[in-house]
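# Show me the folded form of this:
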Amino acid sequence: MARLMKDELFEAQLLRAIGYAPYGGADAGECLAVAQRVAGTNLASWHDAWAAAAERLTTAAAASAAAGQAASARSGFFRAANYFRTAGLFAMGAPVDPRLTEAHRREVESFRRGAALLALPPEIVAIPYEGSSLPAYYFRAAADGAARPTVILTNGYDGTAEELYFTNGAAALERGYNVLAFDGPGQGSMIIDRGVPFRPDWENVITPVVDYLLTRPDVDQDRIALIGLSFGGYLAPRAATAEHRLAACVCDCGPYDLFDTVARRLPGPLSRQLPDGSPALLRFLDRLVRLVMNKPTGRCGATSWCTA
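Residues are numbered from 1 along each chain as shown. Below you'll find the model as predicted:
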């Protein structure tokens, strides 16, 4: 497939944004137009282009809402939410970049304005968690109050609870499932607004989420499923090893071996020397890593949000 952008990580994030079009989180033409406004591999240009598109959509959506055009307003707010999220992606890191804080604030605001215009708006809930709470959205598949199967959506490294509506939430609702989407430690508002880092023992995160669902009469207690997306594809199975009230667990991570991925990019004679390697190979790999890290997006995947 022809590359749309000069940087492969820019390309991947562009496709991620476009991918939410089937469920109202993007318009392919809008996304391609934004991509054309990004200057090469410039991180600031990426942020500014997406933020500007989101701002334009927010203004148009607000005008539609004022005119009583609920469908147009909802669509505009939802797309704006996704574009604000996309704008802040490459500002992730510690200490928190003000651009990320603002992009996330606008994402949440836009998403909630759009969600309020759904036929069944979600409940914005705070799930009790270790003396604090987990921010979450609870979507009902129907208004009849009947106990229904329910899916818990858990995200990965750089996702948000709002994004989960477009990845799996809307599709699950169409198929008769209630949906609970939340930010756990290290994710979305938990890390950006509260500074709460990731933890590996995700069973201690999912258990209070299940506890919350079991208080609801509209949840079928025997049919609660957990879907883990991206890095959540590790977190969800880990949680399911200890939280046995789950009826099913879906791992949607595209799993691969990071070591094997690196080794396969090296010429055969060099890859066969791994993992120990000769001093010459180790020096070569050190230079290679430094070269990669000098790329504008090279450090984005290496920034650690997993420690306080």
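# Now residue 259: closest residue in space, sequence neighbours ignored.
Computed as C-beta to C-beta, 6 or more residues apart in numbering, the closest residue to residue 259 that is not its neighbour in sequence is residue 275, at 7.1 Å. Glycine gets a C-beta too; all of them are placed from N, C-alpha and C.
# is it true that the one you found touches residue 266?
No. The pair residue 275 / residue 266 is not scored as a contact, 11.9 Å apart, by C-beta atoms under 8 Å.
# Among the two, which residue is more densely surrounded?
residue 266 (16 against 6; other C-beta atoms under 10 Å).
# Show the pLDDT at the more buried one.
Note for residue 266: predicted pLDDT of 76.
# List the residues that contact it.
residue 274 (C-beta atoms under 8 Å, 6 or more residues apart in numbering).
# Helix or strand: which one has it?
Using DSSP states H and E, residue 266 maps to neither a helix nor a strand.
# ok, now how distant is it from residue 167?
With distances taken as C-beta to C-beta, to the nearest Å, residue 266 is found 33 Å from residue 167.
# looking at the sheet around residue 136, what are its partners?
Beta bridges link residue 136 to residue 125, residue 182, judged by DSSP bridges.
# ok so, going back, check for me that the residue nearest to residue 259 belongs to a helix.
No. Under DSSP: H, G, I helix; E, B strand; the rest coil, residue 275 sits outside any helix and is assigned coil.
# per the record, what domains does the protein have?
1-117, 121-255, 258-290 (automatic domain parsing).
# which intervals of this structure have sub-threshold pLDDT?
1-2, 255-256, 258, 277, 292-308 (pLDDT under 70).
# Can you mark which positions in the longest strand belonging to it are buried?
Across the chain, the longest stretch assigned as strand under DSSP state E is strand 219-229. Applying a neighbour-count criterion of 16 or more other C-beta atoms under 10 Å, one finds 219, 223, 224, 225, 226, 227, 228, 229 buried in strand 219-229.
# Would you mind writing the CA trace of it as PDB?
Presented in PDB, the C-alpha positions along strand 219-229 are these (Å, rounded to 0.1, in the frame of the first residue of the first chain):
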ATOM      1  CA  VAL A 219     -26.600  -6.400  34.100                       C
ATOM      2  CA  ASP A 220     -26.800 -10.200  33.600                       C
ATOM      3  CA  GLN A 221     -24.400 -11.300  36.300                       C
ATOM      4  CA  ASP A 222     -23.600 -14.500  34.500                       C
ATOM      5  CA  ARG A 223     -22.700 -12.800  31.200                       C
ATOM      6  CA  ILE A 224     -20.000 -10.200  31.800                       C
ATOM      7  CA  ALA A 225     -17.200 -10.200  29.300                       C
ATOM      8  CA  LEU A 226     -13.900  -8.300  29.200                       C
ATOM      9  CA  ILE A 227     -12.300  -7.000  26.000                       C
ATOM     10  CA  GLY A 228      -8.700  -5.800  26.100                       C
ATOM     11  CA  LEU A 229      -7.500  -3.600  23.300                       C
END
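# Direction included, what does that strand pair up with?
Strand 219-229 is paired, per DSSP bridges, with strand 148-154 (parallel), strand 248-252 (parallel).
# what does that strand contact?
147-156, 159, 164, 167-168, 177-178, 206, 210, 213-214, 234-237, 239-240, 243, 245-253.
# try it again with 7 Å
Residues outside strand 219-229 that contact it (C-beta atoms under 7 Å, 6 or more residues apart in numbering): 147-156, 159, 167-168, 178, 206, 210, 213-214, 235-237, 239-240, 245-253.
# Same check on stretch 276-283?
So stretch 276-283 is contacted by 270, 273 (C-beta under 7 Å, 6+ apart).
# Select only the buried ones of the contacts of strand 219-229 in PyMOL?
Filtering the contacts of strand 219-229 down to the buried ones (16+ other C-beta under 10 Å) takes a single PyMOL command:
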select buried, resi 148+149+150+151+152+153+154+155+156+159+167+168+178+206+210+213+235+236+237+239+240+246+249+250+251+253
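# ok, now how distant is the residue nearest to residue 259 from residue 8?
25 Å.
# Now do the residue lying closest to residue 16 once chain neighbours are set aside: how many residues are near it, please.
Sequence neighbours aside, residue 86 is the residue nearest to residue 16 in space, at 7.6 Å (criterion: C-beta to C-beta, 6+ apart). Using other C-beta under 10 Å, residue 86 is surrounded by 28 other residues.
# For residue 86, list the residues it contacts.
Residue 86 sits in contact with 13, 17, 50, where contact means C-beta under 7 Å, 6+ apart.
# list the buried ones in the one helix or strand it maps to?
Here residue 86 sits within helix 70-88, counting by DSSP H and E. The neighbour-count check on helix 70-88 (16+ other C-beta under 10 Å) flags 72-88 as buried.
# Likewise for stretch 95-108?
96, 97, 99, 100, 102, 103, 104, 106, 107, 108.
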